[in-house]
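In: with the sequence up front, the predicted model follows.
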Amino acid sequence: MAAEKLTKGRLTQILVMLTLLISAFIWRTLIYTPGLSSIDCDGRQGVCGTSHSPKLLNYQWREEGGNLKFSLISKTKPHAAYWLEDGAQAPKVAASSEETPEGVQRVWQWTSETRPEGQDTFVVVIDQYQFNFNYLKKPN
């Protein structure tokens, strides 16, 4: 094969394959998103994270005057927060945010009318980590 002459057809074939390979490489590089590492966080309050995760979060569930509040302090602002319903994302939830010396404090609040029904896991995504907070049916 090395002794064969390079014909126009063979050159075209090489260029087409090279173009396909380069295109596939560029496309995969541009759309690549790393998989999320899932971390379960149980309890009414505490610190959540793992030895593999550089992200440690302070969190707390509380009930004030019939309203359910979840607060979270992290060094990095969360990308998304939502209730997990039957393995699918329910609509995202709005939050208030403020800077503290410990990091960014986010507070999510639900009234008795907006309190989720049938959902028991609140998910917060920070970088490539997905933190799963079990909803307390009775936080008090």
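Out: Looks like it arrived, so ask away.
In: now do the helices in the protein.
Out: Applying DSSP state H to the chain gives helices spanning 8-31.
In: got the confidence number for the residue sitting furthest away from the middle of it?
Out: Relative to the centre of the chain, and counting by CA atoms, centre = their mean, the farthest-placed residue is Ala3 at 55.3 Å. If you check Ala3, the pLDDT there is 76.
In: the one 3 residues further on too?
Out: With respect to pLDDT, Leu6 scores 88.
In: go on, Ile14?
Out: The model's pLDDT for Ile14 equals 94.
In: neighbours around it, how many?
Out: For Ile14, the count of nearby residues is 11 (other CB atoms under 10 Å). (C-beta placed from N, C-alpha, C; glycine too.)
In: who are the contact partners of it?
Out: The contact partners of Ile14, by CB atoms under 8 Å, 6 or more residues apart in numbering, come to none.
In: could you redo the last one with a cut-off of 10 Å?
Out: Ile14 makes contact with Leu6 under the criterion CB atoms under 10 Å, 6 or more residues apart in numbering.
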